[in-house]
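[1] Build me a structure from this.
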Amino acid sequence: MKDQTMNDSKQITGLIGLLTAFIFLTLYIALTSTAPIWVEAAQMLSNVSSLQFHIMVDIYLLVLLFCIWMIKDSRQQGYSIKIQIVFVFLSVSLISIGVMSYLIYRAKSQRNILD
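    So this is what the prediction gives:
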């Protein structure tokens, strides 16, 4: 049991490190961008190649599938509807940040139950 707790702790620490790095990358890009992020997004969308479009569809399809799993999982875990809405919003709007945030929240909740 102690080995499992250490392994869970390492996984949570790894996810927190990955999330922190990704947040800093996102902030760096937003702060060093020549135009506001929504302007750059609009410019990118107005000039999308078929490969870029395919990648965007793939990413949002994965986010949709994750949100479906997350809602089912969060109901099984007994999380409130407010928690579900927050993580769905984060996942749809910030993609990786929302996904990693939910996984960290879930892992910490389960760890607290086991302790």
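[2] Just give the nearest non-adjacent residue to residue 75, would you?
    residue 84 (7.7 Å; C-beta to C-beta, 6 or more residues apart in numbering). For glycine as for every other residue, the C-beta is placed from the backbone atoms N, C-alpha and C.
[3] these two touch, right, the one you found and residue 74?
    Yes. Counting by C-beta atoms under 8 Å, residue 84 touches residue 74, with 4.9 Å between them.
[4] Name the residue in those two with the higher neighbour count.
    Neighbours per residue, other C-beta atoms under 10 Å: of residue 84 and residue 74, the larger number sits with residue 74, 20 against 17.
[5] if I pick that one, what's in contact with it?
    Neighbouring residues of residue 74 by C-beta atoms under 8 Å, 6 or more residues apart in numbering: 83-84, 87, 102, 106.
[6] Kindly reformat those as a markdown table containing distance to residue 57.
    What follows is the contacts of residue 74, written out as a markdown table (distance: C-beta to C-beta, whole Å):
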| residue | distance to residue 57 |
| --- | --- |
| 83 | 28 |
| 84 | 24 |
| 87 | 22 |
| 102 | 22 |
| 106 | 27 |
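[7] And residue 98, how close does it get to residue 19?
    Applying C-beta to C-beta, to the nearest Å, the value for residue 98 to residue 19 is 10 Å.
[8] And for residue 25?
    Distance from residue 25 to residue 19, by C-beta to C-beta: 11 Å.
[9] out of these two, which sits in the busier spot?
    More crowded of residue 25 and residue 19, by other C-beta under 10 Å: residue 19, with 17 against 11.
[10] The more buried one contacts residue 102, doesn't it?
    No. Using C-beta under 8 Å as the test, residue 19 is too far from residue 102 to be in contact (10.6 Å).
[11] Leaving out the residues flanking it, which one is nearest to residue 12?
    Nearest non-adjacent residue to residue 12 (C-beta to C-beta, 6+ apart): residue 107, at 4.9 Å.
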